[in-house]
Every structure is written in C-alpha cells, then in structure tokens.
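S.K.: sequence? don't have it. structure:
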C-alpha cells in the first residue's frame, strides 16, 4: 500500500467522522458548513482565475454565480437539518453521493475500459456504472434496516442523485483540466481540496432532494 493511499484512507475515516459530527451537533454543523463554503469559494476562485486569466469581468461573474449557488446549497442543507426526519433524509442523500463517488473510483480502477467523455478523460463507463451500483447497494442496505421504504420513487430519487453527483464531478474535473491543475487545493491529505470532495455533493444533493419531493407529492 502506497503512502498516498494510506493518506487517503486516514483522511476518509476522518471525513466520515466529521460528517456524522455535523449531524449530531447543530452549532458544529452551522460552523462547518460556513467554513467549508468559504474554503470552496476561495478554491473555485483560484481555478477560475487560471482559466479566464486577465478577463476580470468573466472571473467575477463566475465567482458571484458560484457564491449564489453555494449559498442556496447551504440554506437548503441547513433548513433540512432542522427536523429529525428531514435531517435523516439529507444525511442519506449525502451518503448516496459519497457511495456514488466510491463506486466510480473502485469500478473505474478495477475494470477501466472505454472513456466516458472527452471532458474528463479519467472518467470511464465502468466507473459511471459502478457509481450507480454502489448507490443502489447503499439504498438496499438502508431499506433492509427500515431507514427507507421500498417505493418506485425512492429508486428514481437514488438514480438522479447519483447521476447529478457524477455530473458535478465531471464538471469540476473539466474546470480543473482547463486550469491545468490536478486538485483544487491540498488541505485534505490524499484527497486534494475541499472542492475536490464536495463537487458531486453540491450538485447531487439538491437535485436528489428536489426529485424526491417532486415525486413524493
């Protein structure tokens, strides 16, 4: 096992503990969300700065757009943690995104194969399928322990959560490629920046929530 993989495993364990602590203590959650968002904005700015370079108008337009979006995400995230059932639901949605990321990484590394898109050359079709497989495995696990009810709209919700999680990952991978950088930062050993870890979550979670409530009505 390489040093880089060891770092990644240790950091992943820390991040899982950190995530659950966020859902246990409301004050910790609020402070964490604010700090994560601030760091994400700075990381996004560094990426955009490398892409648009001297075009100040474009640079600040995309920055403001991202700030508006991350603020919307924060408000949605925090509001849904105010009630017990909605807090459990938002946690499950985030876990589906995490499972999607893990599935894509594992299946992509093991099976490799044809590239998914030219936008992000490291993404493979096997990795995309692995994202769905791992997301549904988590879903079946949650259903088995009665944390979710087996219903057709639950499976649709899981599909769109994983799909848009992958699209978020691909989009930010594209931006990093345009900026000619590997990671958005180095704050997380073995993982890169904060934005590297939440790129799929900040798109997959809101879409998953909206699809769920739309179908549940």
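M.R.: Sure thing, it's come through. Note that the coordinates shown come from a computational prediction; the quantities given were computed from them, not determined experimentally.
S.K.: can we go C-alpha only for contacts and neighbour counts from here?
M.R.: OK.
S.K.: Can you tell me what sits against the strand or helix carrying residue 67?
M.R.: Assigned by DSSP states H and E, residue 67 belongs to helix 56-80. With contact meaning C-alpha atoms under 8 Å, 6 or more residues apart in numbering, helix 56-80 is reached by 30, 33-34, 37, 41, 44-45, 48-49, 52-53, 86-87, 90, 202, 206.
S.K.: Which one of those is nearest to residue 157?
M.R.: Nearest to residue 157 among those: residue 206, at 11.1 Å, using C-alpha to C-alpha.
S.K.: returning to what we had before: strands - which of the contacts of helix 56-80 land there?
M.R.: Among these, the subset assigned to strands under DSSP state E is empty.
S.K.: Using neighbour counts, trim those residues to the buried set.
M.R.: Neighbour-count burial (16 or more other C-alpha atoms under 10 Å) applied to the contacts of helix 56-80 gives 33, 37, 41, 44-45, 48-49, 52, 87, 90, 202, 206.
S.K.: Same list, those residues, but as CSV with distance to residue 146 and pLDDT please.
M.R.: What follows is these, written out as CSV (distance: C-alpha to C-alpha, whole Å; pLDDT from 0 to 100):
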residue, distance to residue 146, pLDDT
33, 29, 93
37, 33, 95
41, 38, 96
44, 39, 96
45, 42, 94
48, 44, 94
49, 47, 93
52, 49, 90
87, 16, 91
90, 16, 93
202, 26, 95
206, 23, 95
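S.K.: Of all pairs in those, which one is the farthest apart?
M.R.: The two members of the buried ones among the contacts of helix 56-80 with the most space between them (C-alpha to C-alpha) are 52 and 87, at 38.6 Å.
S.K.: Excluding sequence neighbours, find me the nearest residue to residue 129.
M.R.: Nearest residue to residue 129 in three dimensions, chain neighbours excluded: residue 104, at 7.3 Å (C-alpha to C-alpha, 6 or more residues apart in numbering).
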